[in-house]
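*Asks:* Quick one, fold the following:
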Amino acid sequence: MTRTRSPHFLAKRKWWEYVTDESGSFGEYNNNDPYYIVAMVLHDQHVDISSEINDLNLKISDLGFPPHAIHVGPIIRMESIYKNYDNPDNRIKLLNAIYHFTRRIDIKYLCPYVNKMGCSDYIQLNAMLSREIALQIRENIDFFNSFDNIIVYYDNGQNELTKILTAVFNTLFVNVEFRRVKPSEYKLFQVADLICTWELLALKAEDKSFTKSENEMFGSAREFMKNRYKLIQKKKLKRYHK
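*Replies:* Residues are numbered from 1 along each chain as shown. Got it, this is the predicted structure:
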């Protein structure tokens with residue numbers, strides 16, 4: 001997340017918005033919660049995605065779902081509001097809708113993560129995650145510096161992560177603005193949620209730990225990596241050079 005220079009006199013300046021989501025918790029390591037993952041989605045505000053957003057909202061309505069913040073993990077596991085929809089085809093179509101929305105829009109992302117097995121306590125997890133986030137940003141510092149303004153969007157459910165991001169971004173940048181929004185009102189939060197889940201599934205594919213519901217949704221870990229992950233991974237920010 002990042003600071004923004006004053007919004008005045010910015011007709012010819014670039015604004016970069018930055019949205020995060022997380023997978024995992026700051027609790028102790030266990031086999032069902034081995035990673036803490038942060039998806040950091042970056043979008044140039046001068047690139048209009050309103051048409052794609054309208055198409056996604058129409059698709060959600062056509063499938064019979066109410067307006068809501070799409071959460072990919074619960075779709076796969078048929079949890080939360082999705083347990084009330086017995087038609088598996090509609091769940092798959094909803095997943096496809098947010099997947100293709102993510103694939104089509106012009107974004108980049110970073111995805112720092114920590115294996116909690118190597119963390120003895122909360123303080124060590126906090127330190128390791130802070131270092132990993134700072135490292136990935138520094139590796140792409142020219143990219144971040146190519147924009148005049150950075151706006152970091154966050155929601156109230158990310159208190160620990162928000163503290164880390166505030167510290168990291170305020171250390172690395174001088175022009176960062178933080179804004180609080182509701183995920184249900186901001187589609188890029190839902191994109192960050194999908195990317196978080198995709199990166200977690202990629203780690204689980206490597207660990208050979210796909211669950212029954214994940215295999216049912218994607219066929220197999222191999223099919224997920226080939227048919228789903230690869231197209232999203234193309235948006236991952238590599239080391240940037242001018």
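*Asks:* what's the residue closest to the geometric middle of the protein?
*Replies:* residue 192 (2.1 Å; C-alpha atoms, centre = their mean).
*Asks:* Now do the contacts for residue 68.
*Replies:* 60, 81, 184 (C-beta atoms under 8 Å, 6 or more residues apart in numbering). Where C-beta positions appear, they are placed from N, C-alpha and C, glycine not excepted.
*Asks:* Please pull up the helix or strand immediately following the longest helix belonging to the chain.
*Replies:* What stands out as the longest helix in the chain, according to DSSP state H, is helix 187-207. Downstream of helix 187-207, the first helix or strand assigned by DSSP states H and E is helix 212-218.
*Asks:* Return the distance of the nearest residue to residue 184 once chain neighbours are set aside relative to residue 19.
*Replies:* Spatial nearest neighbour of residue 184, chain neighbours left out: residue 69 (4.0 Å); criterion: C-beta to C-beta, 6 or more residues apart in numbering. For residue 69, the distance to residue 19 (C-beta to C-beta, to the nearest Å) stands at 12 Å.
*Asks:* next one: residue 117
*Replies:* Applying C-beta to C-beta, the value for residue 117 to residue 19 is 28 Å.
*Asks:* Those two: which is more packed in?
*Replies:* residue 19 (28 against 10; other C-beta atoms under 10 Å).
*Asks:* now the helix or strand bottoming out on mean pLDDT in the chain, how far from the chain's geometric center?
*Replies:* Confidence across the helices and strands of the chain bottoms out at strand 15-23, with a mean of 81, counting by mean pLDDT, DSSP states H and E. Relative to its parent chain, strand 15-23 has a centroid offset of 7 Å by C-alpha atoms, centre = their mean, to the nearest Å.
*Asks:* Following the chain onward from it, which element is next?
*Replies:* Heading C-terminal from strand 15-23 (DSSP H and E), you reach strand 35-44.
*Asks:* relative to strand 15-23, how tilted is that next one?
*Replies:* Following axes from the mean of the first three to the mean of the last three C-alpha atoms, to 10 degrees, one obtains 160 degrees for the angle between strand 35-44 and strand 15-23.
*Asks:* which parts of strand 35-44 are buried?
*Replies:* For strand 35-44, the neighbour count (16 or more other C-beta atoms under 10 Å) marks 35-43 as buried.
*Asks:* ok, what's across the strand from residue 36?
*Replies:* Beta-bridge partners recorded for residue 36 (DSSP bridges): residue 114.
*Asks:* residues touching it, list them.
*Replies:* Per C-beta under 8 Å, 6+ apart, neighbours of residue 36: 22-26, 113-114, 116, 125, 129.
*Asks:* ok, and the most crowded of those?
*Replies:* Per-residue neighbour counts (other C-beta under 10 Å) across those peak at residue 129, which has 26 neighbours.
*Asks:* roughly how far apart are that one and residue 164?
*Replies:* Using C-beta to C-beta, residue 129 is found at 6 Å from residue 164.
*Asks:* Over to residue 76?
*Replies:* 27 Å.
*Asks:* so of the contacts of residue 68, which ones are in helices?
*Replies:* Those of these lying in helices (DSSP H): residue 60.
*Asks:* Please, which helix or strand holds residue 135?
*Replies:* Assigned by DSSP H and E, residue 135 belongs to helix 122-139.
*Asks:* Could you figure out how far that helix is turned away from strand 35-44?
*Replies:* 30 degrees.
*Asks:* Mind checking the pLDDT average for helix 122-139?
*Replies:* Helix 122-139 comes out with an average pLDDT of 93.
*Asks:* List the buried residues in the helix or strand following it.
*Replies:* For helix 122-139, the following helix or strand on the C-terminal side (DSSP H and E) is helix 141-145. Applying a neighbour-count criterion of 16+ other C-beta under 10 Å, one finds 143-144 buried in helix 141-145.
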